[in-house]
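Trainee: please find the sequence and the predicted model below.
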Amino acid sequence: MTKGWDLMRIALDIRPLQLPDTEESIRVYINNFLHNLSLMDGENEYLLLVTQDKEIPARDFPPQFRHTYLEIPALPHPTLNILFDKLNMEKVIEKHNPDLIHFPDPFSLNLNFDVGRFNSKTLLTIHTLAPHLYPDDFFSGKKGFQKPVYQTLFKNIPKAGHIIALNQSIKKDLLRILNLPEDKISVIYGGYNPDFTINDDLELLKNIRRKYNLPQRFILYPGGFQSHRNLKALMEALVILKIEYLTAIELVVIGGGEESLKPIKERAEELHIEKEVHFVGSVSENEIPLFYNTATALVIPAKYQGFPLLLLSGFSCGVPVICSNIASFMEIGKDAVQSFDPHNIDNIAEVLNDVLSSEEIRQEMRMKGMERVRVFHWERCVAETVSLYKVLSRR
């Protein structure tokens with residue numbers, strides 16, 4: 001990939017893979033970026049930053065991938081993590097002096113990306129601004145102590161040398177909120193999750209239906225229970241769908257623990273649709289794509305979304321995707337989705353009815369989705385990112 005270029009030494013922070021609470025979408029990004037990077041770039045040297053004394057995720061890198069693991073000391077106290085990590089990181093960076101330091105998840109709350117006089121060498125990848133835009137969804141109750149940590153990290157974004165936004169919607173929000181110069185942000189789309197594919201094994205799909213007692217026809221809600229995820233609005237739309245459109249459909253909800261599901265279940269009971277809503281709880285990672293393959297449609301009613309990996313997962317499984325008409329969904333989904341106003345319950349019900357009552361519409365959505373997802377492949381993401389490395393390392 002890099003033939004003819006001056007060789008670079010890039011520090012890549014993969015410590016989020018060692019943390020138990022890292023969002024699955026971020027794990028997908030780092031894992032697939034690193035995997036494809038190792039296949040595509042056999043010339044540059046990569047310094048993979050990991051946390052000392054923590055298990056490093058198993059990797060089977062090709063022999064041509066030039067890499068070294070650099071251990072950052074583990075953090076001794078949760079309330080002082082950023083301070084300790086800053087000091088530790090600066091020592092490691094000063095010793096190894098990379099051309100660039102890439103932080104693919106700068107909002108891991110017990111990690112740091114402010115490396116002092118080396119900040120001009122830093123590159124951040126921003127996946128979402130949801131915690132900033134909806135702080136009550138992320139920092140209430142027991143997690144309240146994390147809010148000032150996040151705010152500190154957010155305020156440090158302008159210190160970075162450059163930023164990757166995973167879509168134009170994130171870039172526009174960063175420009176608006178932080179008043180950054182436009183040339184400080186590059187948009188490089190992530191790829192889809194390759195674990196999500198069309199599965200034609202009818203026996204396997206039959207078994208998943210039986211195991212979780214899934215209805216023959218259902219719309220799938222793939223998880224996330226904060227207020228901005230808007231699940232309650234979807235359930236209210238089901239009532240309208242049932243009464244006004246006489247369309248019978250059941251809702252299957254994946255994920256969630258007892259605490260997060262309690263208010264959702266209570267709302268279902270208030271709406272008298274508790275029998276039509278199936279809360280299956282947590283399922284294994286290898287089973288989730290089977291739910292997508294079994295569903296009549298995937299519905300994502302969020303009021304805000306960063307990079308919409310769930311939407312791409314629906315496309316790659318060949319399931320029709322119905323979603324909010326917010327900027328990030330429209331940018332990534334284009335005409336492959338059917339969309340609604342997430343603030344208008346009647347409109348949600350109307351669009352659901354249009355899709356659910358027409359096999360022709362659903363088939364057209366499947367075909368467009370499978371075509372659209374091909375745009376979002378990891379080879380493109382890696383190629384554009386390494387090209388950016390080259391530009392930034394020469395500054």
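Mentor: Sure, I can see it.

Trainee: for the least confident helix or strand in the chain by mean pLDDT, packing partners?
Mentor: Across the helices and strands of the chain, mean pLDDT, DSSP states H and E gives its lowest value to helix 81-96, namely a mean of 90. Using 3 or more C-beta pairs under 8 Å, 6 or more residues apart in numbering; DSSP states H and E, the elements in contact with helix 81-96 are strand 9-13, strand 45-51, strand 66-72, helix 147-155. C-betas here are computed from N, CA, C, even on glycine.

Trainee: now do the shortest one: distance to the chain's middle.
Mentor: Just to be clear, that refers to strand 9-13. Offset of strand 9-13 from its chain centre (C-alpha atoms, centre = their mean, to the nearest Å): 22 Å.

Trainee: contact partners of that strand?
Mentor: With contacts defined as C-beta atoms under 8 Å, 6 or more residues apart in numbering, strand 9-13 is touched by 34, 44-49, 70, 93, 96-105, 111, 113, 389, 393.

Trainee: that one vs strand 45-51, what angle?
Mentor: Computed by axes from the mean of the first three to the mean of the last three C-alpha atoms, to 10 degrees, the angle separating strand 9-13 from strand 45-51 equals 30 degrees.

Trainee: equivalent analysis for the longest one, please.
Mentor: Taking the same axes, to 10 degrees, helix 147-155 and strand 45-51 form an angle of 170 degrees between their directions.

Trainee: buried ones in helix 147-155?
Mentor: Lys147, Val149, Tyr150, Leu153, Phe154 (16 or more other C-beta atoms under 10 Å).

Trainee: could you export the residues you listed as JSON lines, including pLDDT?
Mentor: Supplementary listing: these in JSON lines, determined by pLDDT from 0 to 100:
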{"residue": "Lys147", "pLDDT": "92"}
{"residue": "Val149", "pLDDT": "89"}
{"residue": "Tyr150", "pLDDT": "93"}
{"residue": "Leu153", "pLDDT": "94"}
{"residue": "Phe154", "pLDDT": "96"}
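
Trainee: for the nearest residue to Leu271 once chain neighbours are set aside, what are its contacts?
Mentor: Nearest residue to Leu271, sequence neighbours excluded (C-beta to C-beta, 6 or more residues apart in numbering): Val239, at 5.4 Å. Taking C-beta under 8 Å, 6+ apart, we find Val239 in contact with Leu271, His272, Ile273.

Trainee: and Val239, which of the three is it?
Mentor: helix (DSSP: H, G, I helix; E, B strand; the rest coil).

Trainee: just to revisit the earlier point, reformat the helices and strands packed on helix 81-96 as TSV; add distance to Phe340.
Mentor: Formatted as TSV, these follow (distance: least, C-beta to C-beta, whole Å):
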stretch	distance to Phe340
strand 9-13	38
strand 45-51	42
strand 66-72	45
helix 147-155	30
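
Trainee: of these, which is nearest Phe196?
Mentor: strand 9-13 (24.8 Å; C-beta to C-beta).

Trainee: format the CA atom coordinates belonging to the closest one as PDB.
Mentor: In PDB, the C-alpha atoms belonging to strand 9-13 read as follows (Å, rounded to 0.1, in the frame of the first residue of the first chain):
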ATOM      1  CA  ARG A   9       6.100   4.700  12.800                       C
ATOM      2  CA  ILE A  10       2.400   4.900  14.000                       C
ATOM      3  CA  ALA A  11       1.400   4.400  17.600                       C
ATOM      4  CA  LEU A  12      -2.100   2.900  17.600                       C
ATOM      5  CA  ASP A  13      -4.000   2.700  21.000                       C
END
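
Trainee: can you pull the contacts of the closest residue to Arg15 other than its chain neighbours?
Mentor: Nearest residue to Arg15, sequence neighbours excluded (C-beta to C-beta, 6+ apart): Thr51, at 5.1 Å. Shown in contact with Thr51 (C-beta under 8 Å, 6+ apart): Arg15, Gln18, Glu71, Ile72, Pro73, Ala74, Leu75.

Trainee: between the residues you listed, which has the most around it?
Mentor: Greatest neighbour count in these, by other C-beta atoms under 10 Å, goes to Arg15: 23 neighbours.

Trainee: relative to Glu71, how far out is that residue?
Mentor: Distance, Arg15 to Glu71, by C-beta to C-beta, to the nearest Å: 10 Å.

Trainee: give me the common contacts of those two.
Mentor: Common neighbours of Arg15 and Glu71 (C-beta under 8 Å, 6+ apart) are Val50, Thr51.

Trainee: still on that earlier bit, now the contacts of Thr51 in TSV, with distance to Ile326?
Mentor: Below are the contacts of Thr51 laid out as TSV (distance: C-beta to C-beta, whole Å):
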residue	distance to Ile326
Arg15	31
Gln18	32
Glu71	41
Ile72	37
Pro73	41
Ala74	39
Leu75	36
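
Trainee: show me where the stretch 51-200 of the chain has its helices.
Mentor: Secondary structure of the stretch 51-200 of the chain (DSSP state H, counting those that start in this stretch): helices at 81-96, 130-133, 135-138, 147-155, 168-178.
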